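Enquirer: here you go, sequence then predicted model.
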Amino acid sequence: MWSWLDLDAMDPIDTQTIYDAVATARGKKIVGDTLIFCYPRSALVSVGYHQQIEKELDVQFCIDNDIPFVRRILGGGAVYLDRGQLFYQLIIGPENPLLPKNVTDAFRFFLQAPIWAYESLGIGAHYRPVNDVQVHGRKISGNGAATTAEGVFVLTGNIILSFDYERMVKVLKVPSEKFRDKAYGTLMEYLTTASRELGREVTLDEAKKALKNGFERLLGEELRPRTLTPEEKGLMSELRVSYLSDEWLYMPELRRPDIAGRTLKIAEGVSVVENAHKAPGGLIRTTVRIESERIADALISGDFSLFPRENIAIIEQALVGCPLNAEDLLTRILTVYSEHSIESPGIRPDDFALAVLPAKPD
Amino acid sequence: MWAKKEDGTVRVGATDMAQQAAGSIMFVRVMPKGRQVESRKPLGTIETGKWVGPLKSPLSGTIVEVNEALKAQPKLLNEDPYGKGWLVVLEPSKLDDELKNLMTDSAQIEKFAEAELPKLFKK
């Protein structure tokens, strides 16, 4: 028996504590399986459970612009959330036979509801493993999940009505402005919205109706509206305090050794990666866009010398389309070196390959 | 989860079956040294493909050592779950009592795995 919390606009932090609170209440069997619909009254940034805030976010920009940031209990990367997105948050106990035993199956199953919602709005969306919903190769819904200690499965995601691409890249900590530009372009290209797809404004009410129908079809029953229980409200206020504490936000046990470079995953199979490689002749910096494990676009800069200088563009061009392995990279670079008689004191052709290679996704 | 008795302490990790069910591991977080944990309660969390799940301690005790290598190389848990991918070393507080709750007989473990695997990986 599913109940439905139809909450509309909420305080930004509450949009994150609510599913934690309901999942806790579900674990204690105070409430049953629940579906929540909500959206934040104003923007916030949410980082994945295991992320290090100051490595992911331009904290000062967030503070200066009154954008609260919070660590969620779910996986994934930093995301910018605002009222252009309608959130669904599904809380299901381990006893429910609808819950698949492994995570990929769970995403595949539950994401049918937003897919049907998009379909009824006139957008042909499909599932892209592990956790994306796509339309014509572009992501149109982001999703994350967690299993609590009591075995309660939580899945949240969004119907994206509109998206502030510019804000999203501004809240992120980036190694360089070049990286930011590249991230912006890649987001524009690989993240779409209902309004963009339909060429008209899609309202929250429309989206809500479509999503409710999608979930009712999936769960095979009518959603029964309910309100928050006093226990859930109590849990939310307790969680609010701990979510805003330094111990939770900056979680010291997450400190990791610095890993060179910066990777921003945009959608499944698409990321923007910056790396640096120190060669005897200078530092080579690369910013590349990876699509399906090939280089889609490359930018090279640094303090090394190359003759003639315009050959950087030729090397960049040679990298486009190249699979991310040492052999293919080196073959291409050696070819342009000989074709264009490139000279680079203190930099060998394989240094360029090394400057790009850490971009390989694992 | 697995537990291995060592000199007065117990080394704890995730089983091969658990790492396979989870998939490619992106992050491992375990509680810091000195923290007390209870059996069947989380001693840490893992993240794979946007999902976060608990690592439940098989025994109660105090964490005396954590595998720092997992911070930089979480994939050790996928690659070598019984070796380099260990999670923590515990000073157990109720070892004799709690050991009874764990499976120690290999035939029993095999039977359990045979029953669980199809549920995890059904197509």
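Expert: That came through fine.
Enquirer: select the longest helix from the chain.
Expert: Here I'm looking at chain A. Criterion DSSP state H: the longest helix present in chain A is helix A:204-219.
Enquirer: meant chain B actually
Expert: Assigned via DSSP H, chain B shows its longest helix as helix B:106-121.
Enquirer: where do the helices sit along chain B?
Expert: B:16-22, B:69-72, B:76-79, B:95-99, B:106-121.
Enquirer: so which residues lie in contact with stretch B:91-103, not counting its own?
Expert: B:3, B:8-10, B:36, B:39, B:58-62, B:64, B:109, B:112 (CB atoms under 8 Å, 6 or more residues apart in numbering or on different chains). Any C-beta I mention is one placed from the backbone N, CA and C, and that applies to glycine too.
Enquirer: neighbours of the nearest residue to B:Thr9 once chain neighbours are set aside, how many?
Expert: Once flanking residues are discounted, B:Thr9 sits nearest to B:Val89: 5.1 Å by CB to CB, 6 or more residues apart in numbering or on different chains. By the measure other CB atoms under 10 Å in any protein chain shown, the count of residues near B:Val89 is 19.
Enquirer: can you check B:Leu43 too?
Expert: 26.
Enquirer: ok, now A:Arg240?
Expert: A:Arg240, neighbours per other CB under 10 Å, totals 17.
Enquirer: same deal with the one 10 residues further on?
Expert: Other residues within reach of A:Tyr250, judged by other CB under 10 Å, total 13.
Enquirer: show me the contacts for the nearest residue to it once chain neighbours are set aside.
Expert: Nearest non-adjacent residue to A:Tyr250, counting by CB to CB, 6+ apart: A:Ile53, 6.2 Å away. Listed by CB under 8 Å, 6+ apart, the contact set of A:Ile53 reads A:Val47, A:Val59, A:Phe69, A:Arg71, A:Leu249, A:Tyr250.
Enquirer: from chain B, how far off is A:Ile53?
Expert: As judged by CB to the nearest CB, to the nearest Å, A:Ile53 and chain B stand 14 Å apart.
Enquirer: related to what we said a few turns ago, identify the farthest-apart pair in the contacts of A:Ile53.
Expert: Greatest spatial distance among the contacts of A:Ile53 (CB to CB): A:Val59 and A:Arg71, at 12.8 Å.
Enquirer: who has more neighbours, the two?
Expert: A:Arg71 (20 against 15).
Enquirer: quick one, helices of the stretch 1-150 of chain A?
Expert: Here the stretch 1-150 of chain A has its helices, by DSSP state H, counting those that start in this stretch, at A:14-27, A:53-56, A:59-64, A:103-110, A:112-121.
Enquirer: make a markdown table out of the ones you listed and add mean pLDDT and distance to A:Arg83.
Expert: Formatted as a markdown table, those follow (pLDDT from 0 to 100; distance: least, CB to CB, whole Å):
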| stretch | mean pLDDT | distance to A:Arg83 |
| --- | --- | --- |
| helix A:14-27 | 98 | 10 |
| helix A:53-56 | 88 | 22 |
| helix A:59-64 | 96 | 17 |
| helix A:103-110 | 92 | 23 |
| helix A:112-121 | 98 | 18 |
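Enquirer: now stretch A:76-87: mean pLDDT?
Expert: Across stretch A:76-87, the average pLDDT comes to 95.
Enquirer: against A:Lys265, how distant is the residue nearest to A:Tyr250?
Expert: 17 Å (CB to CB, to the nearest Å).
Enquirer: one more: A:Leu357?
Expert: 18 Å.
Enquirer: same question for A:Gln51.
Expert: 12 Å.
Enquirer: any common contacting residues for these two?
Expert: A:Gly77.
Enquirer: neighbour count winner among the two?
Expert: A:Gln51 (21 against 15).
Enquirer: contact partners for the more buried one?
Expert: A:Gln51 touches A:Arg71, A:Gly77, A:Ala78, A:Leu254, counting by CB under 8 Å, 6+ apart.
Enquirer: coming back round to it: pretty sure the residue nearest to B:Thr9 sits against B:Leu59.
Expert: No. B:Val89 lies out of contact with B:Leu59 (CB atoms under 8 Å); the separation is 11.3 Å.
Enquirer: overlap in contacts, these two.
Expert: With CB under 8 Å, 6+ apart as the test, B:Val89 and B:Leu59 both reach B:Val10, B:Val12.
Enquirer: just to revisit the earlier point, of the contacts of A:Ile53, closest to chain B?
Expert: Closest approach to chain B among the contacts of A:Ile53 (CB to the nearest CB): A:Arg71, at 11.0 Å.
Enquirer: correct me, but the closest one touches A:Leu249?
Expert: Yes. Counting by CB under 8 Å, A:Arg71 touches A:Leu249, with 5.9 Å between them.
Enquirer: what residues do these two have in common as contacts?
Expert: A:Ile53, A:Tyr243.
Enquirer: list the contacts of A:Asp328.
Expert: With CB under 8 Å, 6+ apart, A:Asp328 has these contacts: A:Cys322.
Enquirer: next one: phi and psi at it?
Expert: When read as degrees, to the nearest 10, the backbone of A:Asp328 gives phi -60, psi -40.
Enquirer: just the pLDDT for it.
Expert: Looking at A:Asp328, its pLDDT stands at 94.
Enquirer: any idea how far it is from chain B?
Expert: 24 Å.
Enquirer: centroid-nearest residue for chain A?
Expert: A:Gly77 (4.6 Å; CA atoms, centre = their mean).
Enquirer: what about that one, distance to A:Ala267?
Expert: Taken as CB to CB, the span from A:Gly77 to A:Ala267 is 11 Å.
Enquirer: and A:Phe163, by the same measure?
Expert: 13 Å.
Enquirer: give me the common contacts of these two.
Expert: With CB under 8 Å, 6+ apart as the test, A:Phe163 and A:Ala267 both reach A:Leu191.
Enquirer: format the contacts of A:Gln51 as CSV; extra columns: distance to B:Leu76.
Expert: Shown next, in CSV, are the contacts of A:Gln51 (distance: CB to CB, whole Å):
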residue, distance to B:Leu76
A:Arg71, 24
A:Gly77, 22
A:Ala78, 25
A:Leu254, 17
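Enquirer: who are the neighbours in contact with the spatially closest residue to A:Arg128 that is not a sequence neighbour?
Expert: Excluding its sequence neighbours, the residue lying closest to A:Arg128 (CB to CB, 6+ apart) is A:Gln134, at 4.5 Å. Residues near A:Gln134 by CB under 8 Å, 6+ apart: A:Ala125, A:His126, A:Tyr127, A:Arg128, A:Ile140, A:Ala267, A:Glu268.
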